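**Q** Predicted model, plus sequence, below.
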Amino acid sequence: MLKLHEKSGEDTVALMADIGRRARAAARPLAVASTKAKNAALVAMADAILRNEQAILDANAIDMSNGGQAGLSGSFMDRLKLTPSRIKAMADGISEIAALKDPVGDVIAEWDRPNGLHIERVRTPLGVIGVIYESRPNVTADAGALCLKAGNPVILRGGSDSNNSSSAIHACMVEGLKAAGLPQDAIQLVPTTDRAAVGEMLKGLGGSLDVIIPRGGKSLVGRVQNEARVPVFAHLEGICHLYIDRSAKLDMAVKIAVNAKMRRTGVCGAAETLLVDRAVASTHLVPILGALRAAGCEIHADAEVTEAFADASPATDADWVTEYLDAIIAVKLVDDVAGAIEHIETFSSHHTEAIVAEDAQAVEKFFNEIDSAILLHNASTQFADGGEFGMGAEIGIATGKMHARGPVGVEQLTSFKYRVRGSGQVRP
């Protein structure tokens with residue numbers, strides 16, 4: 001397991017510079033590594049995680065104990081907690097990544113010019129990727145595996161709350177690299193809890209980092225977006241909306257609403273605002289809210305909703321822009337799909353929005369006029385996940401509009417170059 005580096009200050013600066021240099025040195029051999037070698041490493045990593053389940057659980061128990069003593073919130077503790085089923089899911093995710101098509105070298109497009117030149121646009125690795133994350137130890141496995149498959153060395157900086165768990169998982173990742181004969185520095189875990197390490201990554205580690213991906217709370221992501229000197233893939237918040245249209249089937253609306261909010265309240269794809277078409281308030285509103293309350297959800301609502309459903313608290317302006325990450329939802333009545341779109345475009349973080357409807361025109365209007373990374377029809381917002389998209393896993397959901405948007409999987413972790421083939425052409 002990784003030995004924790006206890007010193008700080010200038011020592012951390014030197015430590016991070018060395019990590020950056022080693023990652024950069026691993027970039028070229030990893031970029032040209034065969035698909036066979038990368039897949040062999042991934043399979044060995046998955047096997048090592050399963051084989052070392054108890055060691056990972058023991059390490060996680062230490063983190064959970066420390067988190068409890070520190071008074072971490074219930075949603076934070078849920079993200080931190082590992083169980084045998086979550087460890088298996090972690091290993092399965094790595095195996096799924098191994099089964100994906102290798103994006104490196106894939107010809108995205110090709111065409112011929114009148115002068116006889118043949119042009120190809122080909123996927124290439126992005127380079128050295130830095131991932132800064134909080135609480136979720138599974139990110140260690142997901143990020144390491146995805147970056148490896150896409151031919152990118154990765155520097156992982158987990159939170160101090162998950163350090164023991166992440167170290168145990170990282171040891172399994174290194175074991176896989178060794179088994180396949182790939183550079184061990186291809187996946188590095190920052191061995192210090194000194195916050196200065198994050199600052200060094202945001203500076204770019206002397207030119208060694210090409211991209212930074214933050215996964216964590218609003219304060220972490222905001223800091224990364226504000227201070228990073230290298231490109232960032234991130235979403236600041238997951239203020240996700242679920243709209244129940246007048247054409248929605250009631251049973252489906254109830255089932256989707258409860259799942260979208262309550263399946264896991266601490267994930268970024270959890271619904272935070274429920275919008276209901278005023279035309280079906282008399283038939284749909286109370287059954288949906290009743291089911292949410294029965295599932296343990298606290299309801300903050302506008303005046304019309306609180307009048308119809310007594311077990312709801314009055315909403316404030318802050319409720320429409322709050323990512324609760326908890327068993328709380330904001331509820332509002334709107335005038336048809338146009339009203340829902342207006343509310344979403346005003347308050348959304350452009351992460352994920354869903355519509356429950358049978359009216360095809362309402363669905364098309366919703367899809368065409370809302371500018372969010374992920375839009376769903378008759379499905380829970382909790383499907384906003386790279387694994388559910390068939391990507392094996394994801395490093396995060398990007399809500400920006402440059403390069404990557406939505407789940408960041410192996411393809412999104414590549415760039416491209418052009419290959420131009422001629423037969424002696426010169427430009428007149």
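**A** That came through fine. Residues are numbered from 1 along each chain as shown.

**Q** ok now stretch 53-73, how far from the chain's centre?
**A** 22 Å (Cα atoms, centre = their mean, to the nearest Å).

**Q** in that stretch, what counts as buried?
**A** For stretch 53-73, a neighbour-count test (16 or more other Cβ atoms under 10 Å) marks 53, 56-57, 59-60, 63-64, 66-67, 72 as buried. Backbone N, C-alpha and C define where each C-beta goes, glycine included.

**Q** Now do the contacts for residue 35.
**A** The contact partners of residue 35, by Cβ atoms under 8 Å, 6 or more residues apart in numbering, come to 102, 104.

**Q** again, only this time at 6 Å
**A** With contacts defined as Cβ atoms under 6 Å, 6 or more residues apart in numbering, residue 35 is in contact with residue 102.

**Q** Phi first, then psi, for it.
**A** For residue 35, the backbone dihedrals (degrees, to the nearest 10) come out as phi -60, psi -40.

**Q** Need the per-residue pLDDT for it.
**A** If you check residue 35, the pLDDT there is 97.

**Q** correct me, but residue 254 touches residue 293?
**A** No: with contact defined as Cβ atoms under 6 Å, residue 254 and residue 293 do not form a contacting pair (12.0 Å).

**Q** ok, those two, which is more surrounded?
**A** The residue with more neighbours, out of residue 254 and residue 293, is residue 254; 20 against 14, by other Cβ atoms under 10 Å.

**Q** hey, where'd the helices end up in the stretch 251-400 of the chain?
**A** Along the stretch 251-400 of the chain, the segments classed as helices by DSSP state H, counting those that start in this stretch run 286-294, 303-308, 336-347, 360-369.

**Q** Check what contacts stretch 375-387 and list those residues.
**A** Contacts for stretch 375-387 (Cβ under 6 Å, 6+ apart): 240, 256, 259-260, 263, 269, 271, 352-356, 363, 367, 374, 393-394, 407, 409.

**Q** List the buried residues in that stretch.
**A** Quick answer for stretch 375-387 (16+ other Cβ under 10 Å): 375-377, 379-387.

**Q** mind checking the end-to-end distance for it?
**A** 16 Å (Cα to Cα, to the nearest Å).

**Q** pLDDT (mean, whole number) over it?
**A** 94.

**Q** now it, how far from the centre of its chain.
**A** On Cα atoms, centre = their mean, the centre of stretch 375-387 falls 13 Å from the chain's centre.

**Q** Residue 347 contacts residue 318, correct?
**A** No: the pair residue 347 / residue 318 is not scored as a contact, 10.8 Å apart, by Cβ under 6 Å.

**Q** between these two, who's got more neighbours?
**A** residue 347 (18 against 9).

**Q** And for the spatially closest residue to the more buried one that is not a sequence neighbour, the neighbour number?
**A** Nearest non-adjacent residue to residue 347, counting by Cβ to Cβ, 6 or more residues apart in numbering: residue 320, 4.6 Å away. Counted by other Cβ under 10 Å, the residues lying close to residue 320 total 19.

**Q** gap between residue 320 and residue 349?
**A** Distance, residue 320 to residue 349, using Cβ to Cβ, to the nearest Å: 11 Å.

**Q** Then residue 83?
**A** For residue 83, the distance to residue 349 - Cβ to Cβ - is 29 Å.

**Q** Neighbour count: those two, which is higher?
**A** Per other Cβ under 10 Å, whichever of residue 83 and residue 349 has more neighbours is residue 349, with 20 against 10.

**Q** Confirm for me that the more buried one is in contact with residue 237.
**A** Yes: using Cβ under 6 Å, residue 349 is in contact with residue 237, at 4.3 Å.

**Q** returning to that earlier point: and the buried residues of stretch 375-387, which is closest to residue 200?
**A** residue 386 (28.1 Å; Cβ to Cβ).

**Q** With the flanking residues excluded, which residue is spatially nearest to the closest one?
**A** residue 394 is the one closest to residue 386 (Cβ to Cβ, 6+ apart), at 2.5 Å.

**Q** List the residues that contact that neighbour.
**A** Here residue 394 is in contact with 386, 407-409 (criterion: Cβ under 6 Å, 6+ apart).

**Q** Roughly how far does it sit from residue 143?
**A** From residue 394 to residue 143 the distance is 9 Å (Cβ to Cβ).

**Q** ok so residue 127 is a strand residue?
**A** No: going by DSSP: H, G, I helix; E, B strand; the rest coil, the assignment for residue 127 is coil, not a strand.

**Q** Make sure it is actually in contact with residue 210.
**A** Yes: between residue 127 and residue 210 there is a contact under Cβ under 6 Å: 3.3 Å.

**Q** count of residues packed around residue 296?
**A** With other Cβ under 10 Å as criterion, residue 296 counts 10.

**Q** quick one, phi/psi of it?
**A** Torsion angles, degrees, to the nearest 10, at residue 296: phi 100, psi 20.
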